[in-house]
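Undergrad: Using only what follows, build the 3D model:
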Amino acid sequence: MGTRTIESRQDRSATIGLVTYVLTGAFVLFFIARQIMKAIVFRKVALDDLFILLATVSKLSVLFPSLV
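TA: Numbering: from 1, shown residues only. Here you go, the predicted structure:
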């Protein structure tokens, strides 16, 4: 096995950041689709949906502080 250098760690850091943003975007899209489906199709929105919405907004405010 070769030794790891600081440059290889920085390269992985950029990749991990990119993957984090892509997965967060996918999560938000699926979350919005689920909320729309619950509100329109099933016409039943419960308290747990509000908690999930608050958790999502909280997470997005941590990732993107300039949006809040």
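Undergrad: Could you list the low-pLDDT ranges of this protein?
TA: 1-10, 67-68 (pLDDT under 70).
Undergrad: Can you tell me the centre-most residue of it?
TA: In the chain, the centroid-proximal residue (Cα atoms, centre = their mean) is Thr24; its distance is 2.5 Å.
Undergrad: what's the nearest residue to Thr20 if we skip its chain neighbours?
TA: Leaving aside its sequence neighbours, Thr20 sits nearest to Leu63 (Cβ to Cβ, 6 or more residues apart in numbering; 7.7 Å). Heads up, the C-betas are built off the backbone N, CA and C, glycines and all.
Undergrad: residues contacting that neighbour?
TA: By Cβ atoms under 8 Å, 6 or more residues apart in numbering, the contact set of Leu63 is Thr20, Tyr21, Thr24.
Undergrad: Just send those residues back as CSV, with secondary structure and distance to Phe30 too.
TA: Listed next are these as CSV, based on DSSP: H, G, I helix; E, B strand; the rest coil; distance: Cβ to Cβ, whole Å:
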residue, secondary structure, distance to Phe30
Thr20, helix, 16
Tyr21, helix, 15
Thr24, helix, 11
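Undergrad: As JSON lines, the residues you listed with distance to Arg12 would be great.
TA: As requested, these are exported to JSON lines (distance: Cβ to Cβ, whole Å):
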{"residue": "Thr20", "distance to Arg12": "12"}
{"residue": "Tyr21", "distance to Arg12": "15"}
{"residue": "Thr24", "distance to Arg12": "18"}
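Undergrad: And the residue nearest to the residue nearest to the centre of the chain when sequence neighbours are not counted, its phi and psi?
TA: Nearest non-adjacent residue to Thr24, counting by Cβ to Cβ, 6+ apart: Leu63, 6.1 Å away. When quoted as degrees, to the nearest 10, the phi and psi of Leu63 stand at phi -70, psi -40.
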